[in-house]
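Peer 1: Sequence and predicted structure, then a few things I'm wondering about:
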Amino acid sequence: MLDSLSIQSNGIPIYVQLREQILALIGRGLLKPGDRLATMRQVAVALKIDLNTVQRSYAELERDGVLTKVRGVGTFVIQTPPQARNVGKQIEDFAFKTAAQAKAQGIALGALAQALAKLAERAS
């Protein structure tokens, strides 16, 4: 995992870059449900960034239900996502959030939709 991560001086906060890169690794299937992530300290040392920055990224991913921490064992990609009561609203909220992130990074929504369609084809 560590060799797939890199930080750039592009104006995007480091914790956001790290969070998005971990999400991308999960999305590509390079990190699978149940996989253990590098420790926060290992990531901080490898990327030469502050430990608090890594903690913030991991904490946001845990809050979003992507990662889970097991005290004394490590941080893992969640095995099974929590059941949503209102899946339609959850999908819509996620779509709006993703669209905003794409626009902020200069990615056209049409290009994003095409990439998601390709991912869906590969998954089925």
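Peer 2: Thanks, I have the structure now.

Peer 1: wait, what's in contact with the nearest residue to residue 39 once chain neighbours are set aside?
Peer 2: Counting by CB to CB, 6 or more residues apart in numbering, residue 39 lies nearest to residue 74, which is 6.8 Å off, once chain neighbours are set aside. Every C-beta, even on glycine, is put in place using the N, C-alpha and C of the backbone. Neighbour list for residue 74: 36-37, 39 [criterion: CB atoms under 8 Å, 6 or more residues apart in numbering].

Peer 1: between these, which has the most around it?
Peer 2: Within those, most neighbours by other CB atoms under 10 Å means residue 37, with 20 neighbours.

Peer 1: quick one, what contacts it?
Peer 2: When the contact criterion is CB under 8 Å, 6+ apart, the partners of residue 37 are 1, 22, 31, 43, 58, 67, 74-77.

Peer 1: The worst-scoring helix or strand of the chain on mean pLDDT - contacts with which helices or strands?
Peer 2: Using mean pLDDT, DSSP states H and E, the weakest-scoring helix or strand in the chain turns out to be helix 87-104, at a mean of 81. Contacting helix 87-104 under the criterion 3 or more CB pairs under 8 Å, 6 or more residues apart in numbering; DSSP states H and E are the following elements: helix 109-123.

Peer 1: Helix or strand for the residue nearest the centre of the chain, just tell me which one.
Peer 2: By CA atoms, centre = their mean, the chain has its centre lying nearest to residue 23, at 2.1 Å. Per DSSP states H and E, residue 23 falls inside helix 14-27.

Peer 1: average model confidence for that helix?
Peer 2: Per-residue pLDDT values over helix 14-27 give a mean of 92.
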